[in-house]
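**Student:** Okay, here's the prediction I keep looking at, along with the sequence it came from:
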Amino acid sequence: MPPPPNTSVKLPDVGRRGRFNVNEPKDTRPRMRGYDFAQGPDAGKLPWSWARERLERSRNYWVSTVSPDGRPHAMPVWGAWLDSRFFFSASSKSHRIRNLAANPRVVVTTESAVEGVVLEGTWSELRPGPELDRFADSYDRKYQWNIHSQPGGGWYLVTPTKVFAVLEHEPGRTTRWIFD
């Protein structure tokens, strides 16, 4: 069950080297009518490392939310994939954060549709502590931007429930990962 909207969550303790002990998600085939996948349950599926690499190296991400009246909203953001979760910053007064406060479900995509990765998950607010420090360090290395210098900013994370990977030139390799 997702955390209540606009609340802080207690993050699990990190293990050695500051990484979560997260099991790899289960790979499956999505049900997509009209698309032919490689034969056999495992034939042609992409490895999780392929999707994780694209989530880590993407510079720009799209965050898609739904307003309380049902209107879709998508905006590009900078962010970081750390410990099987997506971290980003945004103004606490932004349209996307107001939407997420009403409905914590969110879709995040990488910048490339040629090697697309689509994450479905739930949002929560990140509070000061070790996880915020790790996110800030990663963000600063990636963008040369100190997130603490952003006035009125907030810090957020998306915990995935599903991730999809689609290759433009090999749609038969489309893979879905389910997170516990």
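**Tutor:** Alright, I've got the coordinates.
**Student:** What pairs with the strand ranked longest in the chain, parallel or antiparallel?
**Tutor:** Taking DSSP state E as the assignment, the strand of the chain that covers the most residues is strand 153-167. According to DSSP bridges, strand 153-167 forms sheet pairs with strand 85-91 (antiparallel), strand 115-125 (antiparallel), strand 175-178 (antiparallel).
**Student:** Show the average pLDDT along it.
**Tutor:** Averaged across strand 153-167, the pLDDT comes to 93.
**Student:** Can you mark which positions in that strand are buried?
**Tutor:** For strand 153-167, the neighbour count (16 or more other CB atoms under 10 Å) marks 154-167 as buried. All C-beta atoms are positioned from the backbone trio N, CA, C, and that covers glycine.
**Student:** what do you get for stretch 133-142?
**Tutor:** Residues of stretch 133-142 classed as buried: 134-136, 138-139 (neighbour count, 16+ other CB under 10 Å).
**Student:** before we move on, what about stretch 89-106?
**Tutor:** Under the neighbour-count criterion of 16+ other CB under 10 Å, stretch 89-106 has 89-90, 94, 96-101, 103-106 buried.
**Student:** what's the helix or strand for Trp81?
**Tutor:** strand 79-82 (DSSP states H and E).
**Student:** what helices or strands is that strand leaning on?
**Tutor:** If you count contacts as 3 or more CB pairs under 8 Å, 6 or more residues apart in numbering; DSSP states H and E, strand 79-82 packs onto helix 48-57, strand 85-91, helix 130-143.
**Student:** At the geometric centre of this protein, which residue do we find?
**Tutor:** Centre of the chain computed as the mean C-alpha position; nearest residue by CA atoms, centre = their mean is Phe86, 3.9 Å away.
**Student:** Contact partners for it?
**Tutor:** By CB atoms under 8 Å, 6 or more residues apart in numbering, the contact list for Phe86 reads 55, 61, 79-80, 108, 119, 121, 157-158, 160.
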